[in-house]
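1. pasted the sequence and its predicted model underneath.
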Amino acid sequence: MLPAALMFSASLPAQTPTYEAGAAQKLAADANTIVDCLLPGAVRRLGAGVTYLAARKPVLLKTAECEVRGGEYVLYDRADPKVAFKIWEAAAKAGDADAQRRLAQIYEMGLGAEPDYKNAASWYRKSAEQGNHAAALALAALYETGLGVDKDSDEARRWYERARSPSATSDSGPSRDVEKLTKELQEKERKLTELEARLVQGAATSQAELAQAKQALTDSLKQAESQAAPGALLESRRERPVIELVDPNLVRAGPSTAFNIRGQQVQVKKITGWVNLGPHLGGVTVNGAGAELDPNGFFSEDVKLQGASTPVSIVALSKDGKRDELNFAIRTGPTTATDMIEALPEKPPAGVGRLHALIIGNNAYRQWPKLETAVDDARTVADVLSKKFGYKINLLIDATADDIIGALNDYVLTLHDNDVLIVYYAGHGQLDTRNKRTHWIPVDGETQRDTHWIPSYRVTDLVNKMKARKVLIISDSCYSGGLAADLPGVVTGIRPGLGDDGRARAVGALWEVVSRTILTSGMLAPVLDDEGAGISKHSLFARALLEVLDETTGVMTGDGLYTAVHARVVYRSQKMNFDQTPFYTGLAHAGHEGGDFILVPVANR
């Protein structure tokens, strides 16, 4: 993170740290580090007089537990793929599904070498065919992205369904009824998108034909809702257009219906928003008229206000026949309240356990430049999560490496299956260019030696050991995108356009899928500590995050949180001639199984 005084200059350069004498022994002495552990074979007895030594078993364990159980591990040369292969390959070839999935992960990550997606896909398939749903999910992601296999959305969908129904055979996809319904939805959405695309191009379109196509899609969605089919209510959000408003400051969390603006003299309201997809975006319409898009997907259109309430309909179209639609009303007239959203109350899914949040804010660095806003950011985020969302807060201010690792280990020991955890970090981050790893820098971190730096794998390994149903990491630091860039996982979202009942079922289905996701303030680059000129006491990212949390009225998914924050951060950073782009993904190798995070205000419970 860039301190205020260095806002537009480089922070400490990305570097390869030097290692002090005894560093390996110091790391080896850390009992909480997760390692690839090869346990000794168990002595087993067969019948009355035959004993034999079973094969050694590879597992992921803390160093202390591995040592107690007599296991073999190598801590300091994690970047050498030969070490990981030695531990997992024999068990994988012997048919162990967990070992096959771990070997596939090693191929996919590369571990110091180039990723081998073809071998990753092969081993994921072998594991998935034995019923390992995490492997099936990873294989689906490869089919969706075309890494190691031919890109095939139908095959990806089948493996997503396989991941949700691990007892099915490897050749079975969704049920015939669900697959038929999904294809019907896709075809009706494609037809409606084609008609709406004519509006973008300025061509004449029959309003009756447009209304008929929209009604046909609505009817199919209602059918999907009534069947409560997960394959029809949930979908990957990677390739669908998503609309997010910047002005008016409307957050899409739940079925929002109206937006109030102050005063009676306003005749025209400028609508500014953002849509994802970049070059794959086909166009945007505002109240039926094509909107002009800038290279980053932002649009601004004037809407003439008519009477006390003016309906606004925004539609975004992808080039491959997908769409997103946002409808709301702008109401004029006197109001004593601030700008606000009216929304129908949404209830959280059943079965949600305890809500925990580890909040870390570091300003007072001993060797690195001191930061201005990280502590205030952490305190304010903690306050909002506690008061509005009901989280139990563990607040660490100016935390050392032992403080942070110790707190994460506490959650490994105490979280239960249905619990929820948010980890928020605001402070310095650094990129080790040789090993291509991002690190959090605690206040006792040195500038040239990484003895007390916290590498990304250290965080994700600990998260992988947690029993929680949902874990969300929010990282506001320089180079924070590196925490997720090498370990992307697909995030499943709620299909847009569902009614209240359908959305409630979709939220329930989303809750059932274990998720480990991360929202970062930027990618592999420095980020702003503040916006300068007294604009805000918070960092650029934290200001946007707090705005979205403050304005959330319904069930907010992690992907919804990201799109709202992303639009605000990119829009404001562009105005400052600075490039900062938040990032959101699943942590595929930290236990992520394809769901998404869910955030619900206390008032909705």
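-> Received the coordinates, thanks.
2. just the strands in the stretch 151-300 of the chain please.
-> Remark: strands assigned in the stretch 151-300 of the chain by DSSP state E, counting those that start in this stretch are 234-236, 243-247, 256-260, 268-275, 281-286, 289-290, 298-304.
3. can you pull up the bridge partners for Asn394?
-> Leu358 (DSSP bridges).
4. next one: Val420
-> Residues in beta-bridge contact with Val420 (DSSP bridges): Leu355, Lys470.
5. doesn't Asn409 lie inside a strand?
-> No. Asn409 is assigned helix when assessed by DSSP: H, G, I helix; E, B strand; the rest coil, not a strand.
6. residues near it, how many?
-> 16 (other Cβ atoms under 10 Å). Every C-beta, even on glycine, is put in place using the N, C-alpha and C of the backbone.
7. likewise for the one 4 residues further on?
-> Number of residues near Leu413 (other Cβ under 10 Å) recorded here: 9.
8. got it, and the one 4 residues further on?
-> Counted by other Cβ under 10 Å, the residues lying close to Asp417 total 10.
9. of all the strands of the stretch 151-300 of the chain, which lies closest to Ile473?
-> Counting by Cβ to Cβ, Ile473 lies closest to strand 234-236 out of the strands of the stretch 151-300 of the chain; the figure is 20.5 Å.
10. the strands of the stretch 151-300 of the chain: lowest mean pLDDT?
-> With a mean of 51, strand 256-260 has the lowest mean pLDDT of the strands of the stretch 151-300 of the chain.
11. I figured Gly522 hits Phe578, correct?
-> No. Shown here, Gly522 and Phe578 do not form a contact pair, counting by Cβ atoms under 8 Å, at 10.1 Å.
12. low-scoring stretches of the stretch 101-250 of the chain, by residue?
-> 110-113, 164-182, 199-206, 221-232, 236-239, 250 (pLDDT under 70).
13. switch to 90 and redo it
-> Scanning the stretch 101-250 of the chain with the threshold set as pLDDT under 90 gives 101-117, 119-120, 128-148, 151-250.
14. which residues of it fall in helices?
-> Taking DSSP state H, counting those that start in this stretch to define them, one finds helices in the stretch 101-250 of the chain at 117-128, 133-145, 153-164, 176-200, 207-227, 230-233.
15. what helices or strands is the first one leaning on?
-> Here helix 117-128 is seen to pack against helix 97-109, helix 133-145, helix 153-164 when contacts are counted using 3 or more Cβ pairs under 8 Å, 6 or more residues apart in numbering; DSSP states H and E.
16. list the buried ones in it?
-> Tyr117, Ala120, Ala121, Ser122, Trp123, Tyr124, Arg125, Lys126, Ser127, Ala128 (16 or more other Cβ atoms under 10 Å).
17. who has more neighbours, Gly522 and Phe578?
-> Gly522 (27 against 17).
18. and the nearest residue to that one once chain neighbours are set aside, helix, strand or coil?
-> Once flanking residues are discounted, Gly522 sits nearest to Gln580: 5.0 Å by Cβ to Cβ, 6 or more residues apart in numbering. Counting by three-state DSSP, the backbone at Gln580 sits in coil.
19. now the phi/psi pair for Gln580, please.
-> phi -140, psi 120 (degrees, to the nearest 10).
20. same check, this time on the one 4 residues further on
-> With angles defined as degrees, to the nearest 10, Tyr584 sits at phi -140, psi 130.
21. go on, Pro455?
-> According to degrees, to the nearest 10, Pro455 has phi -70, psi 160.
22. how far away is it from Gly445?
-> Using Cβ to Cβ, to the nearest Å, Pro455 is found at 12 Å from Gly445.
23. who has more neighbours out of the two?
-> Of the pair Pro455 and Gly445, Gly445 is the one with more neighbours under other Cβ under 10 Å, namely 25 against 19.
24. returning to that earlier point: which one of the helices of the stretch 101-250 of the chain lies nearest to Val565?
-> Of those, nearest to Val565 by Cβ to Cβ is helix 133-145, at 23.3 Å.
25. that older thread, in a markdown table, list the strands of the stretch 151-300 of the chain along with mean neighbour count and distance to Ile359.
-> Output for the strands of the stretch 151-300 of the chain, formatted as a markdown table (neighbours: other Cβ atoms under 10 Å; distance: least, Cβ to Cβ, whole Å):
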| stretch | mean neighbour count | distance to Ile359 |
| --- | --- | --- |
| strand 234-236 | 21 | 30 |
| strand 243-247 | 20 | 25 |
| strand 256-260 | 17 | 28 |
| strand 268-275 | 18 | 28 |
| strand 281-286 | 21 | 36 |
| strand 289-290 | 15 | 44 |
| strand 298-304 | 16 | 31 |
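26. of all the ones you listed, which one comes closest to Lys465?
-> Using Cβ to Cβ, the strands of the stretch 151-300 of the chain put strand 234-236 closest to Lys465, at 26.7 Å.
27. overlap of the contact sets of Pro455 and Gly445?
-> The contact sets of Pro455 and Gly445 overlap at His439 (Cβ atoms under 8 Å, 6 or more residues apart in numbering).
28. coming back round to it: so can I have TSV of the helices of the stretch 101-250 of the chain showing distance to Tyr584?
-> TSV is the format used below for the helices of the stretch 101-250 of the chain (distance: least, Cβ to Cβ, whole Å):
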stretch	distance to Tyr584
helix 117-128	22
helix 133-145	15
helix 153-164	19
helix 176-200	24
helix 207-227	25
helix 230-233	21
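29. nearest to Lys537, of the ones you listed?
-> The nearest among the helices of the stretch 101-250 of the chain, by Cβ to Cβ, is helix 133-145 at 39.5 Å.
30. which helices and strands does the closest one pack with?
-> helix 97-109, helix 117-128, helix 153-164, strand 488-489.
31. which one of these lies closest to Asp417?
-> Across the helices and strands packed on helix 133-145, closest to Asp417 is helix 153-164 (Cβ to Cβ), at 17.7 Å.
32. quick check: buried residues in the closest one?
-> Quick answer for helix 153-164 (16+ other Cβ under 10 Å): Glu155, Ala156, Arg157, Arg158, Trp159, Tyr160, Glu161, Arg162, Ala163, Arg164.
33. take those residues and write them to a markdown table, including distance to Gly273.
-> Compiled in a markdown table, the buried residues of helix 153-164 are given as follows (distance: Cβ to Cβ, whole Å):
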| residue | distance to Gly273 |
| --- | --- |
| Glu155 | 34 |
| Ala156 | 29 |
| Arg157 | 29 |
| Arg158 | 34 |
| Trp159 | 34 |
| Tyr160 | 29 |
| Glu161 | 33 |
| Arg162 | 36 |
| Ala163 | 33 |
| Arg164 | 33 |
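34. among those residues, which one sits closest to Asn287?
-> Nearest to Asn287 among the buried residues of helix 153-164, with distances taken as Cβ to Cβ, is Arg157, at 33.8 Å.
35. any figure for the gap between the closest one and Tyr117?
-> Noted for Arg157: a distance of 19 Å to Tyr117, by Cβ to Cβ.
36. out of the buried residues of helix 153-164, which is nearest to Glu184?
-> Distances from Glu184 to the buried residues of helix 153-164, taken by Cβ to Cβ, are shortest for Arg157, at 13.8 Å.
37. re earlier: of the helices of the stretch 101-250 of the chain, which is nearest Asp377?
-> Once the helices of the stretch 101-250 of the chain are compared by Cβ to Cβ, helix 133-145 is nearest, at 32.2 Å.
38. helix or strand with the lowest mean pLDDT in this protein?
-> Across the helices and strands of the chain, mean pLDDT, DSSP states H and E gives its lowest value to helix 23-28, namely a mean of 41.
39. need the contact list for Gly591.
-> Ala134, Val463, Asn464, Met466, Val471, Val514, Arg516.
40. how about 6 Å then?
-> Asn464, Arg516 (Cβ atoms under 6 Å, 6 or more residues apart in numbering).
41. pretty sure it is in a helix, no?
-> No. Counting by three-state DSSP, Gly591 is not found in a helix; it is coil.
42. noted, bye for now.
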